[in-house]
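# 3D model of this:
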Amino acid sequence: MLAPLSWLKEYVDIKLTPKELAEKLTEVGLGVEKITKTSDDVILELEITPNRPDCLSIVGIAREIAAIERKKIKFNIKPIPKPSGKLPFKIHNDFELLEHYSCVIIKNVDIKDSPEWLKKRLNQLGSRSINNIVDITNYVMFELGVPLHAFDYDLIDGKEFFVKKSKGGEKFTSVDGLSYSLPKDAIIIEDSKKLIDLVGIKGGLNSGIKKKTKNVILQTSADNPVLIRRASQSLGLRSDASAILERGVDKDGMMLALSRAANLILELSQGQIASEVFDIKKPDLAPWKLNLRIDRLNKILGFVIPENKILSILESLNLSPKITKNNIIQSIIPTYRNDLKIEEDLIEEVARIYGYNNFPKTMPVGEIPTTQIPYFKDYRLDEKVKNILKASGFSEIYTYSLISEKDLTETGINSQNTLRVDNPVSREFEYLRPTLKINLLKALVQNKSNFHKIDLFELGKVYLGQNIDESNETYFLSAISNSKSFFELKGVLERIFEDLGIKEDPTKYIEILDDGFFFELNYSEILKKINPNKIFKPLPKYPPIMEDVSLTVENNIKTIDIIKNIKNQSTLIVDISLLDRFEDSRTFHIVYQDRNKNLTGEEVAKIREKILKSLKAKFGAK
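The predicted model follows:
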């Protein structure tokens, strides 16, 4: 939400510097992301949490500043003047769709460019100027946080509105000329012949304000937020209005916004009111009462806030607090504060305005838990595995769990066998990944142009199964490389298995790609096989004897078979490794050691003789 400082100052007296104001707003939960200084103003960019749609408006933010500074907000809106004549109009509302609907007809408007002050305000908020009528509806939406829409009265067949749900598949062309096929259960308005409005999201081209428009229906409504959200997501169509409505608009704020916009239209277009004011709403859309026990507040916060301080804070938030019997404060919650429903909500309000930084400093109390918490995960094993991979030259990456259908088909995976999100934010993020391979392959391709050697790994969740009832969420460990050989990758896995005490053949996890190698293993299943128990062997007191033995042997004989044969010749052989290989010659490094005494050259010579005799007999080695 963008908020020009000059606009905020019209509603509340601000003495703070922009930086001080940003710090104060951030302390009470309205995070200021950025401060931009223009030639004649300062623009605050705020991050508004979903539970505070009232702050998606200039007046809403001004109310918060007034509460922080314990000041009164300066805000007064004139009522709509009485009509001069009455044009016919009828509305058929459905309270399940629009809990509050308000409209008025204004005749003889002059459609023209907006004055410079209005263009400037819209430009400051990132909105372009269209004409004076449309600009006023946008201006009031940003000012009061209540979306409005204007129709060309003369384009409405039958001069009546029917509010209903879409059946699905209806064709709709928006005011900006784009065509859509509507999803089921979107809120729409039809006249006696045609669909004219996708409520809360986009108006229709066939009823929008044009240069020749003379008579206007100005409307505002409190729309069903769930249906607005679903339609917006399904169409991939989001507007400033839908962003407010899907979070929950002030359901009793329609008339305030309608009055403000109507008076501006009369002022800037020289029109006249041409109908009664239609104000249709459910009877329960009124402020509600909420009690706060002072003892409970102090218990929850852990310290005592004086009673007069609590009352002052609640008064500054326009909650009209009064002390009743039994030390209870009764507040009246205005309809723009939809987030205040239970006692704990009021406690939070007192705490944030009082200032979390003003809480007394205390040491934590309680006992250290002795039992393992639910869903405990020991990350030490993860770190051990990651460190082995990093030491082997791999870099860790984190990728999205959501992928597209194209990603699946390109990897040869049937999307029908993969979990799909019912309401994806985008077609690029429609399915839950059943493997880490997809994103690792994409990372390899994306990095090719910048790096010659690419070695990447990821330890993360994958989602298996065809539907939610059969789904399984598990951890996979995968790596991809275009620089390491098959044997190097095998060695990395062998090292991991050895450190975890797992006896597995790593080759079955390795896959050969067109441009390198890839391995993937079910990490959750592998961890079930670990043997954490290690046998400690003290360092030997007596030194080893080491020697290199070069053998000539046929190439079809496996090195591992030679090593096993050598090892079997004596228990004093503690280590063997292939040192070098050239044509049909292989050099082995052999370590002899006795834990009980010093070995002599003669003892080693006897073992060597036994080794060579066995290798010659079995492999024809020289």
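
# any idea which element the residue nearest the centre of the chain lies in?
Computing the C-alpha centroid of the chain and ranking residues by Cα atoms, centre = their mean puts Val425 first, at 10.4 Å. Using DSSP states H and E, Val425 falls within no helix or strand.

# and it, what does it touch?
By Cβ atoms under 8 Å, 6 or more residues apart in numbering, the contact set of Val425 is Gln233. Yep, even glycine has a C-beta here, placed from its N, CA and C like the rest.

# please report how far it lies from Gly200.
Per Cβ to Cβ, to the nearest Å, Val425 is found 19 Å from Gly200.

# same check on Val134?
For Val134 relative to Gly200 (Cβ to Cβ), the value is 16 Å.

# can you check Val304 too?
Distance from Val304 to Gly200, by Cβ to Cβ: 46 Å.

# so for the two, which sits in the more crowded spot?
Higher neighbour count among Val304 and Gly200: Gly200, with 28 against 13, using other Cβ atoms under 10 Å.

# residue contacts, that one?
Gly200 sits next to Pro147, Ile187, Ser221, Asp223, Ile228, Ala241, Ser242, Leu245, Glu246 when contact means Cβ under 8 Å, 6+ apart.

# filter the residues you listed down to the buried ones, ChimeraX style.
The following ChimeraX command selects only the buried members of these, with burial defined by 16 or more other Cβ atoms under 10 Å:
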select :147,187,221,223,228,241,242,245,246
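
# okay, the contacts of Gly200 in CSV with secondary structure and distance to Asp110 next?
Converted to CSV, these look like this (DSSP: H, G, I helix; E, B strand; the rest coil; distance: Cβ to Cβ, whole Å):
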residue, secondary structure, distance to Asp110
Pro147, coil, 24
Ile187, strand, 32
Ser221, strand, 26
Asp223, strand, 30
Ile228, helix, 33
Ala241, helix, 25
Ser242, helix, 30
Leu245, helix, 30
Glu246, coil, 34
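
# what segments of the stretch 1-150 of the chain are helices?
Using DSSP state H, counting those that start in this stretch, the helices of the stretch 1-150 of the chain run over 5-8, 18-27, 58-69, 116-124, 132-144.

# what's the closest of those helices to Leu477?
Within the helices of the stretch 1-150 of the chain, the stretch nearest Leu477 is helix 18-27; the backing value is 40.1 Å (Cβ to Cβ).

# touching that closest one from outside, list them.
5, 14, 16, 31-32, 35, 37, 42, 44, 46, 61, 64-65, 68, 352, 355-357.

# that one vs helix 58-69, what angle?
With axes from the mean of the first three to the mean of the last three Cα atoms, to 10 degrees applied, the angle from helix 18-27 to helix 58-69 works out at 90 degrees.

# output helix 18-27 as CSV, restricted to C-alpha atoms.
Extracted in CSV, the C-alpha atoms of helix 18-27 (Å, rounded to 0.1, in the frame of the first residue of the first chain):
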residue,chain,number,x,y,z
PRO,A,18,9.0,10.4,7.8
LYS,A,19,11.6,8.1,9.3
GLU,A,20,10.1,8.4,12.8
LEU,A,21,6.6,7.8,11.4
ALA,A,22,7.9,4.7,9.6
GLU,A,23,9.4,3.3,12.8
LYS,A,24,6.2,4.0,14.7
LEU,A,25,4.0,2.3,12.1
THR,A,26,6.4,-0.7,11.9
GLU,A,27,6.2,-1.1,15.7
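
# pull the distance from it to the chain's centre.
Centroid separation for helix 18-27 versus its chain: 25 Å, with Cα atoms, centre = their mean, to the nearest Å.

# that one: which residues count as buried?
Pro18, Leu21, Ala22, Lys24, Leu25, Glu27.

# what's the answer for stretch 301-318, then?
Leu301, Ile305, Ile310, Leu311, Ser312, Ile313, Leu314, Ser316, Leu317, Asn318.

# for the residues you listed, which one is nearest Leu381?
Out of those, the member with the shortest distance to Leu381 (by Cβ to Cβ) is Leu301, at 40.3 Å.

# quick one, what contacts the closest one?
So Leu301 contacts Ile347, Val350, Ala351, Phe359 (Cβ under 8 Å, 6+ apart).

# neighbours around the second one, how many?
In other words, Val350. 22.

# if I've got this straight, it is in a helix?
Yes: per DSSP: H, G, I helix; E, B strand; the rest coil, Val350 lies within a helix segment.

# how about it, nearest residue that isn't a chain neighbour?
Ile313 (5.2 Å; Cβ to Cβ, 6 or more residues apart in numbering).

# ok, now how distant is the one you found from Asn556?
For Ile313 relative to Asn556 (Cβ to Cβ), the value is 86 Å.

# cool, and Ile273?
100 Å.

# ok, those two, which is more surrounded?
Comparing Ile273 with Asn556 by neighbour count (other Cβ under 10 Å), the higher total belongs to Ile273, at 22 against 5.

# mind listing the strands for the stretch 251-400 of the chain?
272-273, 278-281, 288-293, 322-324, 328-333, 395-396 (DSSP state E, counting those that start in this stretch).

# so what touches the first one?
It refers to strand 272-273. With Cβ under 8 Å, 6+ apart, strand 272-273 has contacts from 80-85, 104-108, 262, 266.

# repeat that for the fourth one.
Outside of strand 322-324, the residues that reach it under the criterion Cβ under 8 Å, 6+ apart are Asn291, Glu307, Leu311, Ile329, Gln330, Ser331.

# give the pairing partners of it; include direction for each.
strand 328-333 (antiparallel) (DSSP bridges).

# residues contacting the partner strand, please?
So strand 328-333 is in contact with 287-294, 310-311, 314, 319-324, 340, 346, going by Cβ under 8 Å, 6+ apart.

# and the helices in the stretch 301-450 of the chain?
With DSSP H, counting those that start in this stretch as the criterion, the stretch 301-450 of the chain has helices spanning 307-316, 343-354, 379-391, 405-410, 437-447.

# sorry, back to before: give me the buried subset of the contacts of strand 272-273.
Judged by 16+ other Cβ under 10 Å, buried ones among these: Ile80, Pro83, Val104, Ile105, Ile106, Lys107, Ala262, Leu266.

# wait, what's in contact with the third one?
Shown in contact with Val104 (Cβ under 8 Å, 6+ apart): Ile80, Ile217, Leu218, Leu258, Ala262, Ile273, Ser275, Glu276, Val277, Phe278.

# spatially, what comes nearest to it if we skip its sequence neighbours?
Closest to Val104 by Cβ to Cβ, 6+ apart is Val277, at 5.0 Å.
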